[in-house]
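Novice: build me a structure from this.
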Amino acid sequence: MDRRRGLRCAVGIIVGAAASPAFEVLGQPRGRVWRVGILSFGSQARTAVGRYEAFFRGLREHGYSEGDNLIVETRYANGDAQRLHDLVAELLRLKVDVILATSTITCQAAQQQTHSVPIVVAATADPVGDGFALSLARPGKNITGMSTIATEAIQKNVELLRLLEPRPRNIAVLTNPLDRAHAPQLERARGAGRAMGIEIAAVSATNAGEFGAAFAAAADRRADAMLVLNDGLFFAEREALAAAGLKQRLPMMFGFRDGAETGMLMSYGPSLTALFHRSASFVARILRGAAPGDLPFEQPTTFELVLNRQTARAIGATLPQALLMRADEVIE
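Specialist: You can find the predicted model right below:
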């Protein structure tokens, strides 16, 4: 079976900018040491190391490396949204040249405190809808980066869940009301559900302490599957969410492969590793003098479906051949 990994980014829209005179003549000032801040919603102990390695590899490919011409300041919120304000303020006091916001919620926190320091967001669902950009082609603000196009992918998420046996008839969608991208995604899920004869029930959590209530609400609504929307909180607490789903024998889908790797039944979405690697190119161009508002947001063009057969056995779900044939990877 083909085990496709990664994603191919649509880079054609930036070729003209990358080849402009500004990029040809603006090199690194000799002896300059740059300072890059990384803002993470999760914790250092639970961070997916691979995507950070991909980011640093990307920086090295563009001539920037720690200990040479780069200082990296990484700050972790440990799953506490209230801490993000202080962490951003700390990075600004350190006079970082660029902030890498790892998710929508961290980008929101950075945006609230600076309209001048460049921000590169590694993964966000809807840059325009979230207020990060005036348009994808010309953001016009101090923010650019990678869009996951999660809202557009919601219909596919519902379609894939629908292939399970027994077929789900009630799907709970786990949202975080603090994430501005979730409202349009929920509406898209409801539209897809209506077209397929599936009931969509929204359940929510703004912190890990509310997960129990969210799963109880899903049970009350007789949900027979759950779609977990992409979010910094849900990514940081993906192991806890997977464990709760296993306990309730509830098939769960997440937007990044990390969900299936930590025990959810399925994941469908772009590769975070590829998104972080590509984010390094934005940071490099900004350090060389490009304005983030002139750098178009990029989108993934290839998505990966990962299934967890061990979880399927544990919860009594059947992965039909139609689903297995579409999978990029099956975790045994």
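
Novice: helices of the stretch 1-150 of the chain, start to end?
Specialist: 15-18, 21-25, 49-61, 84-93, 104-113, 150-162 (DSSP state H, counting those that start in this stretch).

Novice: same question, the stretch 151-300 of the chain
Specialist: Using DSSP H, counting those that start in this stretch, the helices of the stretch 151-300 of the chain run over 182-196, 211-220, 232-236, 238-247, 257-261, 272-287.

Novice: possible to save these as a markdown table with distance to Asn308 and mean neighbour count?
Specialist: For every residue, glycine as well, the C-beta is placed using N, CA and C. Converted to a markdown table, the helices of the stretch 151-300 of the chain look like this (distance: least, CB to CB, whole Å; neighbours: other CB atoms under 10 Å):
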| stretch | distance to Asn308 | mean neighbour count |
| --- | --- | --- |
| helix 182-196 | 22 | 18 |
| helix 211-220 | 19 | 16 |
| helix 232-236 | 17 | 26 |
| helix 238-247 | 9 | 19 |
| helix 257-261 | 5 | 24 |
| helix 272-287 | 17 | 24 |
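
Novice: Leu319 is nearest to which of those helices?
Specialist: Of all the helices of the stretch 151-300 of the chain, it is helix 257-261 that lies closest to Leu319, at 11.6 Å by CB to CB.

Novice: pull the residues that contact the closest one.
Specialist: Counting contacts by CB atoms under 8 Å, 6 or more residues apart in numbering, the residues outside helix 257-261 that touch it are 48, 228, 235, 238, 241-242, 252-254, 266-267, 269, 271-272, 304, 306-308, 311, 329, 331.

Novice: check contacts around the most centrally placed residue in the chain.
Specialist: For the chain, the residue whose C-alpha lies nearest the mean C-alpha position (CA atoms, centre = their mean) is Ala123; its distance is 4.2 Å. Remark: with contacts taken as CB under 8 Å, 6+ apart, Ala123 is in contact with 102-104, 145-146, 148, 230, 270, 272, 275-276.

Novice: can you tell me how far His85 sits from Leu161?
Specialist: Distance from His85 to Leu161, counting by CB to CB, to the nearest Å: 36 Å.

Novice: what of Lys247?
Specialist: 19 Å.

Novice: for Gly193, same thing?
Specialist: Using CB to CB, Gly193 is found at 10 Å from Leu161.

Novice: okay, now the domains of this protein?
Specialist: Under the assignment automatic domain parsing, the domains of the chain span 12-149+271-294, 150-269+304-331.

Novice: export the ones you listed as TSV, with columns for mean pLDDT.
Specialist: TSV is the format used below for the domains of the chain (pLDDT from 0 to 100):
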stretch	mean pLDDT
domain 12-149+271-294	88
domain 150-269+304-331	94
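
Novice: excluding its backbone neighbours, what's nearest Val306?
Specialist: Ala260 (4.1 Å; CB to CB, 6 or more residues apart in numbering).

Novice: got it, and Gly212?
Specialist: Gly212 sits nearest to Ala244 (CB to CB, 6+ apart), 7.6 Å away.

Novice: Gly245 too?
Specialist: Residue nearest to Gly245 in three dimensions, not counting chain neighbours: Met252, with 4.2 Å by CB to CB, 6+ apart.

Novice: what does Leu94 give?
Specialist: Once flanking residues are discounted, Leu94 sits nearest to Glu73: 5.7 Å by CB to CB, 6+ apart.

Novice: next, the buried residues of stretch 50-57.
Specialist: 51-52, 54-56 (16 or more other CB atoms under 10 Å).

Novice: among the residues you listed, which one lies nearest to Gly140?
Specialist: Set against Gly140, the nearest of the buried residues of stretch 50-57 by CB to CB is Phe55 (24.8 Å).

Novice: report the separation between that closest one and Asp258.
Specialist: Applying CB to CB, the value for Phe55 to Asp258 is 16 Å.

Novice: thank you kindly, that will do.
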